[in-house]
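In: everything below, folded, please.
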Amino acid sequence: MHIIKLNAIDSTNTFLKEMVKEKELKSYTVVLAESQLQGRGQMGSVWSSEPGKNLTFSVFIKLKDFRLMDAVYLNYAVSLAIYEGLMANKVPKLAIKWPNDILAGNSKIGGLLIENSVAQGKIQSAIIGLGLNVNQLHFSNDLKNVASLKRVLGFDLDKEKLLNELLKVIQEQLTKCMPQNFKNIKDSYVSRLYKKEIPSMFKKRDGSVFLGKIAGVSELGELEIELEDGSLQCFGIKEVQFLDRT
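Out: Just a heads-up that it's a prediction; the model follows:
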């Protein structure tokens, strides 16, 4: 595993994408930034991080015969890897908030962004970006329900040690990410979803609010919510959000 350490760049995902254009990269090439100026999340959201306090890195992986229709399993596998890596560090009340935020209790401590390179209906490679709040204590007042490992555990963590642990479990999970294991991967992911089967309030994109409970994820990776009448409704990214009462 080749790790490139940088002081400050706009985005580790963008940096890796530019590297891929310029030369052939080995699988599991990693770019780590002490400061990420324009970190990105799902659907154009921004990831803000205090310089030197957190882990912001991206991993380039090559894939073989990985169908585009199975892309959701990459998300499941990497989300599970981060979950397992943090469980090994005894982080309490861990959960995966669909689709790929990592929570401790009701507070977000990390998030993923996976960008795929596709040709002829197959994913040829992927860049996996992770932002993880590690030793940061103070956050912008605009950020609600956000925490860090230090806030949760009460002490500083060795970022390099944690990075190596997370890279190891990411590689292990992705090695197992193949069709014969997809059902187990999906079941494991669903079992760790935040507020699974707990009645919660949700808000649709049109502003309407409803009561429901998370039942699972669809074949396309959409969130399945069971409504009060017992029916299931599926939602894509940014089509629904929790109305957390915290």
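In: show me where the chain has helices.
Out: For the chain, the helices defined by DSSP state H cover 12-22, 71-87, 149-153, 159-175, 182-191.
In: ok, which of these comes nearest residue 131?
Out: helix 12-22 (9.0 Å; C-beta to C-beta). For the C-beta atoms, the positions are set from N, CA and C on the backbone; glycine is no exception.
In: packing partners of the closest one?
Out: On a contact count with 3 or more C-beta pairs under 8 Å, 6 or more residues apart in numbering; DSSP states H and E, helix 12-22 meets strand 29-36, strand 39-40, strand 55-67, strand 107-119, strand 122-132.
In: pull the contacting residues for residue 100.
Out: 42, 75, 78, 79, 111, 112, 114 (C-beta atoms under 8 Å, 6 or more residues apart in numbering).
In: wait, isn't the last one in contact with residue 123?
Out: In this case it means residue 114. No: assessed by C-beta atoms under 8 Å, residue 114 is found out of contact with residue 123, at 9.9 Å.
In: can you list residues touching both of the two?
Out: With C-beta under 8 Å, 6+ apart as the test, residue 114 and residue 123 both reach 71, 74.
In: any regions of the chain where pLDDT drops low?
Out: 38-49, 244-246 (pLDDT under 70).
In: sorry, back to before: closest to residue 145 out of the helices and strands packed on helix 12-22?
Out: strand 107-119 (5.0 Å).
In: which elements pack onto that closest one?
Out: Using 3+ C-beta pairs under 8 Å, 6+ apart, strand 107-119 sits against helix 12-22, helix 71-87, strand 101-104, strand 122-132, helix 149-153.
In: and the third one, what's buried?
Out: Looking back up the chat, that one is strand 101-104. 101, 102, 103, 104 (16 or more other C-beta atoms under 10 Å).
In: picking that back up, identify the farthest-apart pair in the contacts of residue 100.
Out: When C-beta to C-beta is used, the two most widely separated members of the contacts of residue 100 are 42 and 78, lying 13.2 Å apart.
In: quick one: which of the two has more around it?
Out: Using other C-beta atoms under 10 Å as the criterion, residue 42 and residue 78 rank with residue 78 on top: 25 against 16.
In: next one: that one from residue 96, what distance?
Out: For residue 78, the distance to residue 96 equals 10 Å [C-beta to C-beta, to the nearest Å].
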